[in-house]
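Chemist: structure here, sequence nowhere to be found:
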């Protein structure tokens, strides 16, 4: 069973690496590159966005399954999430914060991936210089950057779960 736990932790870390690394690549490399003149941003965003969206949502499924299993292997049960004494511990507070953060990340991702992002891509295809295009692109950018930040916070919380609260 210990080997299964180690594989689960490994999968959790690999999924986080793929997801966070992919988002950082998009924010730090792809978006600035697309701002250069002459780029067909709409086609590129539609194609890469759709592919990365599938990768990202697969990572969310992996996070959910491995996260639940990893907590179970560490002795955390559903009942613990409602026990005041467990919630008063550093570990309990961090677990609840990470669960809440995961829910927020999923909600922001859904808004970005299924509403704002597709609308922005459509607006860019129709007229990349229009006010609607710029506005939707800004909204998509804000949501994406928020998720990058929240993802990095989630990674930090994960480190705190295994290493303890910094003294």
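Modeler: Nice, thanks for sending it over. Model, not experiment: these values are computed from the prediction.
Chemist: which elements pack onto the helix or strand bottoming out on mean pLDDT in the chain?
Modeler: Taking mean pLDDT, DSSP states H and E as the measure, the chain has helix 31-34 as its least confident helix or strand, at a mean of 80. Applying 3 or more CB pairs under 8 Å, 6 or more residues apart in numbering; DSSP states H and E, we find helix 31-34 packed against helix 41-73. C-betas here are computed from N, CA, C, even on glycine.
Chemist: return the set of buried residues in the helix it packs on.
Modeler: 41-42, 45-46, 49, 52-53, 56, 59-60, 62-63, 66-67, 69-71 (16 or more other CB atoms under 10 Å).
Chemist: next one: stretch 6-20
Modeler: Across stretch 6-20, burial judged by 16+ other CB under 10 Å covers 8, 9, 11, 12, 15, 16, 18, 19, 20.
Chemist: next, the third one: secondary structure please.
Modeler: Reducing the assignment to helix, strand or coil with DSSP: H, G, I helix; E, B strand; the rest coil, the entry for residue 11 is helix.
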